[in-house]
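# Sharing a sequence plus its predicted fold:
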Amino acid sequence: MSMFSRARRLMSRIWEAGPGPRSRRLRAHGLSQHLGGRLLGDMPAVHLDPQAMLRGGLKEIRAKCRYQALLNPYARRAIRSLQINIVGARGVQMRGQIPLGGRSNPAAGRARAESAQQIAALLSRGRTGEELDAALDRLIVAQAAIERDEERNQILEAKWRQFCKANNFDLSGRFSFHQYELMIAGAFGTHGGGMVRIIRESATGNANDEQLCFELLSTDQLDDDYSGESDRPGHFWRMGVETNDRRGGRVTRYAVLRRHPGNNDPGDPRSMEPKHMFVDARDLIHIFIPEEIGQLREIPHLAPVLTTIHNLNEYEKSHWTRKRIANNILGFIEKKQPDDGAPSSSLADEKSQATGEVLSNSSPGEWIELFPDEHPIPPQLGPDDNQFETVLKTMLRRFATGFTASYSAISGDHSDANYSSMREEKLEIRDWYRVVQSLLIQQFHQRVFDEWVDAATLAGVLPVELFANYWNEPELYTSPRWQARTWSWVDPAKEMKAYKDAQEMGLQSTSDQMAELYGTDLEHTWAQIAYEVALRRRLGLPQSAASQPALALQQEANLDGP
């Protein structure tokens, strides 16, 4: 290709890509034709990063969400639903998983896996007898080698429960660990999350206790306006969060206001202390659910439904105002104005000296005298609003959808529900609650527990003779099982049969079903049943239905003999 042809081809490409009519015709056949049409032309587009999108409006959004949660009954119920379904009455329970001996045993783990595979292979081929019994024995021996150390786990759980009391856990001594859980779960709706500051000293001042306590902070105290270059080279502030890179990076510090920005109490004198306290990232737990990649600040869960809540408030206000006017006004009197300006009949109104409200002089059973030039006129307020219930349901469904909550839980209306619709709705919403529970456990529970085990071991709260190898293998002691709250059945008879069928078909184990349905584990539950069987027998009481399988196994063992 000659130089002239190349130059001509390049100019043609430049002309087609430019602002001319040919380029516009070419681009009209692309995706922009569909996105810039008559229906979507007025749709706003966001080309900003998450921080730039939230800057300047996050403070107002939080304030409006708090206002609605305070005064709107549906928003208040939505916040309560978050607290009930994420945390519940007992909170997230910690179950220690320290193995026997307090040491890892990878050989036992491999032996258990190999034995389980051998058993599955034998059962698939229909093999029974001594070969299967030997494989089962090997599995039991391998499982016993990695069983939980009940002594250490019971001590760990007891010390943890003691620390979670308000006097030990909270810096002010007012809130327990369970109250922190509830307040953080509720703050997801109004603030988008919460902040917990780690104080590395005892709340009681006792040198023998864990040198650790916590302080719950509002996300309002994370300064939204604190952005720009940091005093540390290579660091950058964005809405009160410092990172070690201008483009994002790892969070290193937080700019926390010492006073709540809404603290206008005249009895609280302003001191000369600095406006901010700069808290290292290792000393502050920032709990929120990120919606965008690279997001550093939280978004209230009520934010998508703020318009719906406001319109619902205004619609209900207009509806009930009209109802009050229709019920209060009995009629009108048409009359001529007297020359002297004095009231012309005994139905004249007066104003209260105290409140300025208009008061009627009428009383029940009273006859009203009208002057010759006065004529009663019945009120003409137009037709009644027959769409109130339909509009209310539509708006509440929109609210429940945007908040990711059950319509019946938000509205309290079960009139149109049946088993299938309720089960489908509840299962989907419960999956979302499990996601929130998982994120809350990762960001808050596990972080607090890791800090506490360190502090309790250093202070000697955990017995040294039992936890001596903590510093060598900390992962054995800081990997508990967190059991969040579970939910009851929509229809117990149908769902219990479904779980029984799943277990018989080998689709689910008893341990999985206990953890999912009741929040308990197999060992604890069966140990309790065995204790109840022994106690009933000692007291001469009839055995319950739950103990019949255990009795049958025991009788079979007695018949076999030694």
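All right, it came through fine. Numbering: from 1, shown residues only.
# now the strands for the stretch 401-550 of the chain?
With strands called from DSSP state E, counting those that start in this stretch, the stretch 401-550 of the chain shows them at 481-483.
# Between the two ends of stretch 275-284, what distance do you get?
18 Å (Cα to Cα, to the nearest Å).
# Touching it from outside, list them.
Contact with stretch 275-284 is made by 195-198, 200, 223, 226, 242, 250-258, as judged by Cβ atoms under 8 Å, 6 or more residues apart in numbering. C-beta coordinates here come from the backbone N, C-alpha and C atoms, glycine included.
# do that again at 7 Å, thanks
M195, R197, I198, D223, V251, T252, R253, Y254, A255, V256, L257, R258 (Cβ atoms under 7 Å, 6 or more residues apart in numbering).
# Stretch 225-236 too?
With Cβ under 7 Å, 6+ apart, stretch 225-236 has contacts from W237, R238, M239, G240, E242, T243, N244, R246, T252, A255.
# Equivalent analysis for stretch 246-256, please.
Taking Cβ under 7 Å, 6+ apart as the rule, stretch 246-256 contacts 217, 221-223, 226, 235-237, 240-244, 276-281, 284, 294.
# One more pass at 8 Å, please.
195, 197, 217, 221-223, 226, 232, 235-237, 240-244, 276-281, 284, 286, 294, 296.
# does F188 count as helix, strand or coil?
Following DSSP: H, G, I helix; E, B strand; the rest coil, the label given to F188 is helix.
# Could you count how many residues lie near it?
F188 is flanked by 25 other residues according to other Cβ atoms under 10 Å.
# The one 10 residues further on too?
Taking other Cβ under 10 Å as the criterion, the count of residues near I198 is 18.
# Distance of the closest residue in space to it that isn't next to it in sequence relative to F214?
Nearest non-adjacent residue to I198, counting by Cβ to Cβ, 6 or more residues apart in numbering: D283, 4.7 Å away. Per Cβ to Cβ, to the nearest Å, D283 is found 10 Å from F214.
# Could you do T486 as well?
27 Å.
# Pick out whichever of those two has more residues nearby.
Taking other Cβ under 10 Å, T486 and F214 do not tie; F214 has more neighbours (21 against 15).
# pretty sure that one is in contact with R197, am I right?
Yes: assessed by Cβ atoms under 8 Å, F214 is found in contact with R197 at 6.8 Å.
# Okay, now the unreliable bits of the stretch 301-450 of the chain?
Residue ranges of the stretch 301-450 of the chain with pLDDT under 70: 329-371, 378-383, 414, 416-422.
# make it 90
For the stretch 301-450 of the chain, applying pLDDT under 90 flags the ranges 315-393, 401, 404-431.
# ok, which stretches of it are helices?
306-328, 388-403, 407-411, 419-440, 446-459 (DSSP state H, counting those that start in this stretch).
# and G540, which of those is closest to it?
Of all the helices of the stretch 301-450 of the chain, helix 419-440 sits nearest to G540, with 43.4 Å by Cβ to Cβ.
# Number of residues surrounding Q508?
Q508: 16 neighbours (other Cβ under 10 Å).
# Please apply the same query to F278.
14.
# give me the element it is part of.
Here F278 sits within strand 276-280, counting by DSSP states H and E.
# Distance-wise, check Q154 relative to R148.
For Q154, the distance to R148 - Cβ to Cβ - is 10 Å.
# So between these two, which is more surrounded?
Between Q154 and R148, R148 has the larger neighbour count (other Cβ under 10 Å), namely 18 against 12.
# So which residues of the stretch 451-562 of the chain form helices?
Under DSSP H, counting those that start in this stretch, the stretch 451-562 of the chain gives helices at 492-504, 510-517, 522-539, 548-560.
# What of the stretch 151-300 of the chain?
Counting by DSSP H, counting those that start in this stretch, the helices of the stretch 151-300 of the chain are 166-169, 177-190.
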